[in-house]
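>>> Sharing a sequence plus its predicted fold:
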Amino acid sequence: MRIEYTDSLIIGGGLAGLRTAIACKKAKLNVLVLSLVPAKRSHSAAAQGGMQASLASSFKGQGDNEDVHFADTVRGSDWGCDQKVARMFCHVAPKAVRELSVWGVPWNRVNKGKRDVIVNAQTETITEANESHGLITARDFGGTKKWRTCYTSDGTGHSMLNAMDNKAIELEIPVLERQQALKLIHDGKRCTGAIVRDLITGEVFAIVANATTIATGGFGRIYEISTNAVICDGVGAAMALETGETPLANMEAIQFHPTAIVPAGILTTEGCRGDGGVLRDADGHRFMPDYEPEKAELASRDVVSRRMTEHIRKGKGVKSEYGDHLWLDITLLGREHINKNLREVKDICEHFLGIDPAVDYIPVRPTQHYSMGGIRTDFRGESVGLKGLFAVGEAACWDLHGFNRLGGNSVAETVVAGMIVGQYVVEHCQQSNVDINASLVKHFYATQCTEIDQLLERKTGTDALSIKTRMQHIMSEKVGIFRTNGPLTEAIEELKALYEESKEIAISNKVRHANPELEEALRVPKMLKLAICAAQGALNRTESRGAHCREDFPERNDKEWLKRSLYYWKKDSVDVSYEPLNIDEMEMPPGSRGYGKSQIVEHPQTQTRLETVDLVNASAEDLSRSERQHKLMPFEIPEIYQEKNQRIGVED
Amino acid sequence: MRKLVFHIFRYDPQLEGDKPRMQRFELNETEGMSIFIALNKIRAEQAPDLKFDFVCRAGICGSCAMVINGMPTLACRTLTSTFDTPEITLHPLPGFELIGDLSVNTGKFMRALSERVGSWIHDENANNISIDKLEERMEPALAEQIYELDRCIECGCCVSACATKAMKEDFIGAVGMIKLGKFELDPRDKRTSKDFYQVLGNEDGVFGCMTLLGCQDSCPKDLNHQTQIAYLRRKMLMALN
């Protein structure tokens, strides 16, 4: 058995993982990054429209700051998020954009003078200030009060990942490509590394590390159609779950993006609507203002996706052999704008649909897009239950997004979380040592090898791919946008049966090295565990909050459900428990989002907290913005990120 | 719908005794079928050991480049309907280490290339720039020009379509030149023309290019390699003065 040693092991080479690795390397730690694919090909590259940060340099961003970004994020989450984490995030996001600017991201810039923009399907002329010329600009996105989404055309994630990976290369950070971590090494209290399989040679080996960080992204591929890359299988999260010692959280909170193309399920950015595109039905009618008079197409994603589905159910969808869909119309933006700011969308339309989006409508439908849930961590990114295990980015649930994530907040989260959690990983490594327990390492190594041996030796059994396909179908049919008791109950039964079946997977290709069938066989039982968590959480939660919508329980029930779901894997099945969100600590007590249907069962403490917040605000009138904020809800942040963010023409 | 006939390169270099060969697969074409869909179907139904690489399957990540009917391109966004004849031949990208069948190690190549050309912003002062203060300004048009060159997805099509590269192992290739061209254009990178000349101003760099422009023809992102190479040549000649 080969054993590698490092201070900081990072599993996942996307934006979150790389930024965490950079923090470690800058602190002179030994660091090792594992990635399924070359780092620049990670799913971070697929983020198109941009990243939210309240720089407030452009005309439509004037008056923006951390407070406004924070309030948008909390409303977007339907009060499900951890408000302290949201505060940390909003404070560091401008720094993240500026750091990436130093590292080479060619952010689009403010161009002084008059320009035409499209707002609510009307042309408006705005004048960008001379003093903002050349600063980083922003576009509009859903669920935001200001234009806050910084971008490079519609290839933002690609540019960010290029700059980030280049920085990692400059710092000589080793990224081991085509490696899959399959098991965490731990003693029930402390995580000390992982068991890894080399996807080319097939070698199984151990990496012992002082800190282990999971940055493996989301698990969209448990669904039949997802905008996610094919590598977004959730194995990282499942690996943490399988320890039985550390929980996943909010697995039922799954985002469906309103505009993925039909049938391929490939994303077209929210920037299409942010820049002025509209949604139309089979009659060519722009229907969103009928449902959402104020925000129309730019309500939060959960709301738009539900309204679209509702409208399709009314028979207003466009019939196609791949099911009903609606139209995304960006023709009103004009060819020049599309060629410059929506060129990936244009490419996707040309290659996958054979249409020209400057003249044709784009067929779209809500499609699985993002996992708000993940490995439960504290605000420092450290897991609950296992010291030395950290999680960051979409794989984690430090809980920035609650039950719905705003567009532009995830690619921002990857980098911001990498910066923040990276500092705490460094702190951990500086304060603790790892005792190498050879027999423990051997135990996990042997368990993993046995699993592989059994798969290779089993002569007959079920096919992993067929199990996966059935799981994906169940998730799409029964744990989708609208949920009810009956189908959810069936889903759980069916998924559990599939899980039992997955214990008898057999493969025909018996080689130990590069073997796609073996990879699938190792992956599918893990994916099933996540699917069972999501379905069970969705059944248990008898309310509707953010993206989790129960037709049989349409109200948001703060009284019963202002809490986070936690999932432990015990005795080979899921054990769900709950962690309350503390209203007395909230800067923004629960209220109405201002979009979507508002049916709320109030929490008994909400009113008291609202009164307290009013009192504190009244007594703090003479204080600065940040002092006032700290009186309401103090939050911690690594020292190097505590400075205020400068904005043009603004003192505070 | 047609019956498609795929001829797929098969070889597992790690399997003792295995020899490179072409294998034939038949598949019923479906509406909107891409090579991504076709290969997954073949793997699911006929050849579970077939190796290929897809990640984003949306033309964004550059993982799936292969030679399709003689042309290096992205498999995920190549629709089978674009071919008049139902015969489709697939080879792995030449010029890269073969992992097996259609899977090649472009990642290893690209990381080595990035290290060789110093594919990052070179600025000794970078660590002193505050990220709390207003960022350094940049002309909007310049930012767009830099983005244009930043669109490279390192898919490797230009490398496999390059005759110069086929003859000269160490030739930097269009992907290397587009990288350096980006940093040369970017005022945040403090390298001088002379610094770039060290990497580019030789037979393995911009002067080795035979200007056959296979790169231009095969680039799935339509990057303007021709203009870029000409620009860098001029720049490098000027650096000598």
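All right, it came through fine. Because the structure is a prediction, the values reported are computed rather than measured.

>>> hey, where'd the strands end up in chain B?
Applying DSSP state E to chain B gives strands spanning B:3-10, B:21-28, B:65-68, B:71-74, B:87-91, B:98-100, B:103-104.

>>> Can you name every helix or strand that the shortest one contacts?
Which is strand B:103-104. Counting contacts by 3 or more CB pairs under 8 Å, 6 or more residues apart in numbering or on different chains; DSSP states H and E, strand B:103-104 packs against no other helix or strand. For every residue, glycine as well, the C-beta is placed using N, CA and C.

>>> for the second one, same thing?
Secondary-structure packing of strand B:21-28 (3+ CB pairs under 8 Å, 6+ apart): strand B:3-10, helix B:35-45.

>>> Tell me the confidence at residue 178?
Answering for chain A, as no chain was given. Per-residue pLDDT puts residue A:178 at 98.

>>> Hmm, no, I was thinking of chain B.
According to the prediction, residue B:178 has pLDDT 96.

>>> thought it was touching residue B:223?
Yes - contact criterion CB atoms under 8 Å: residue B:178 and residue B:223 qualify, at 6.0 Å.

>>> Between those two, which has more neighbouring residues?
residue B:178 (25 against 22; other CB atoms under 10 Å in any protein chain shown).

>>> returning to what we had before: which of the strands of chain B sits closest to residue A:265?
strand B:71-74 (17.2 Å; CB to CB).

>>> is the closest one anywhere near chain A?
No - contact between strand B:71-74 and chain A is absent, the nearest approach being 8.5 Å (criterion: CB under 8 Å from any CB of the partner chain).

>>> partners of that strand, with directions?
Strand pairing for strand B:71-74, determined by DSSP bridges: strand B:65-68 (antiparallel).

>>> Export the strands of chain B to a markdown table and append columns for mean neighbour count, distance to residue A:504 and mean pLDDT.
Below are these laid out as a markdown table (neighbours: other CB atoms under 10 Å in any protein chain shown; distance: least, CB to CB, whole Å; pLDDT from 0 to 100):
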| stretch | mean neighbour count | distance to residue A:504 | mean pLDDT |
| --- | --- | --- | --- |
| strand B:3-10 | 17 | 29 | 98 |
| strand B:21-28 | 13 | 28 | 98 |
| strand B:65-68 | 24 | 35 | 98 |
| strand B:71-74 | 22 | 38 | 98 |
| strand B:87-91 | 17 | 34 | 98 |
| strand B:98-100 | 22 | 27 | 98 |
| strand B:103-104 | 24 | 29 | 98 |
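
>>> coming back round to it: so what sits against both of residue B:178 and residue B:223?
Residues touching both residue B:178 and residue B:223 (CB atoms under 8 Å, 6 or more residues apart in numbering or on different chains) are B:149, B:152.

>>> who touches residue A:45 in this structure?
Here residue A:45 is in contact with A:157, A:158, A:161, B:56, B:60, B:61, B:153 (CB under 8 Å, 6+ apart).

>>> Show me which of those is closest to residue B:174.
residue B:153 (12.7 Å).

>>> what number of residues lie near that closest one?
Residues near residue B:153, counting by other CB under 10 Å: 25.

>>> What of residue A:446?
As a burial measure, residue A:446 scores 13 neighbours (other CB under 10 Å).

>>> Regarding it, which helix or strand does it belong to?
Using DSSP states H and E, residue A:446 sits within helix A:438-457.

>>> could you dump the strands of chain B to JSON lines with distance to residue A:459?
Below are these laid out as JSON lines (distance: least, CB to CB, whole Å):
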{"stretch": "strand B:3-10", "distance to residue A:459": "25"}
{"stretch": "strand B:21-28", "distance to residue A:459": "25"}
{"stretch": "strand B:65-68", "distance to residue A:459": "34"}
{"stretch": "strand B:71-74", "distance to residue A:459": "39"}
{"stretch": "strand B:87-91", "distance to residue A:459": "32"}
{"stretch": "strand B:98-100", "distance to residue A:459": "24"}
{"stretch": "strand B:103-104", "distance to residue A:459": "28"}
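
>>> Next up, the contacts around the residue lying farthest from the centre of chain B.
What lies farthest from the middle of chain B is residue B:133; by CA atoms, centre = their mean that is 36.9 Å. The neighbours of residue B:133, taking CB under 8 Å, 6+ apart as the test, are A:98, A:646.

>>> swap the cut-off to 7 Å and go again
residue A:646 (CB atoms under 7 Å, 6 or more residues apart in numbering or on different chains).

>>> now swap in residue A:560 and tell me
Each residue near residue A:560 by CB under 7 Å, 6+ apart is listed here: residue A:543.

>>> what's the neighbour count on residue 34?
This is for chain A. For residue A:34, using other CB under 10 Å, the count is 25.

>>> To clarify, I was referring to chain B.
23.

>>> ok, now how distant is the residue lying closest to it once chain neighbours are set aside from residue A:325?
The spatially closest residue to residue B:34, leaving aside those adjacent along the chain, is residue B:79, at 5.4 Å (CB to CB, 6 or more residues apart in numbering or on different chains). Applying CB to CB, to the nearest Å, the value for residue B:79 to residue A:325 is 19 Å.

>>> This completes my enquiry, with thanks.
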